[in-house]
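**Student:** Predicted structure and sequence below. I'll ask about it afterward.
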Amino acid sequence: MASSAAVTPLGLMHMRPLQHWLHTRVPRWAWHQGTSRVNITPSCRQTLSPWTDIVFLWSDVPLEQVSRRIVVTSDASKIGWGATCDGQAASGVWTGPRLFWHINCLELLAVLLALRRFRPRIQGKHVLV
């Protein structure tokens with residue numbers, strides 16, 4: 001399943017419910033030893049249903065020719081954020097409740113703000129963040 005997730009439409013998204021199901025039922029130590037049995041419940045069968053559908057498995061992800069990729073870089077700190085795209089810069093400072101957000105949340109918000117700021121430049125193009 002893991003090897004086909006990248007080449008199946010929305011494969012990673014369809015794999016996530018199974019990962020969540022396993023995480024809630026398999027003890028942490030068993031992940032390292034690989035020695036745990038679990039009973040397959042109806043909810044687990046439902047999460048596996050796309051992987052038993054031959055139409056789903058035979059669909060493919062279109063591979064398009066990438067002639068030019070635009071790179072957007074972003075970074076965040078507890079004070080503010082910054083981003084660049086094709087030599088142009090964007091930045092801002094956090095205010096209000098965002099000053100108390102976890103740094104991981106601020107990093108994700110910085111990516112979102114960068115994509116919004118550079119939208120006219122990147123829309124319809126392949127973008128690497």
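**Tutor:** Done, it's in. Numbering: from 1, shown residues only.

**Student:** going forward, measure contacts between C-alpha atoms and count neighbours the same way
**Tutor:** Fine.

**Student:** Check what contacts the helix-or-strand element of the chain with minimal mean pLDDT and list those residues.
**Tutor:** Of all helical and strand segments in the chain, the minimum by mean pLDDT, DSSP states H and E falls on helix 28-33, at a mean of 74. For helix 28-33, the external contacting residues (CA atoms under 8 Å, 6 or more residues apart in numbering) are S36.

**Student:** Output whatever helix or strand comes next after that helix in PDB, but only the C-alpha positions, please.
**Tutor:** Past helix 28-33, further along toward the C-terminus, the next helix or strand under DSSP states H and E is helix 42-48. The C-alpha trace of helix 42-48 is given here as PDB (Å, rounded to 0.1, in the frame of the first residue of the first chain):
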ATOM      1  CA  PRO A  42     -15.600  -3.100  10.400                       C
ATOM      2  CA  SER A  43     -14.200   0.400  10.600                       C
ATOM      3  CA  CYS A  44     -10.800  -0.900   9.500                       C
ATOM      4  CA  ARG A  45     -12.300  -2.800   6.600                       C
ATOM      5  CA  GLN A  46     -14.000   0.400   5.600                       C
ATOM      6  CA  THR A  47     -10.700   2.300   5.600                       C
ATOM      7  CA  LEU A  48      -9.200  -0.500   3.400                       C
END
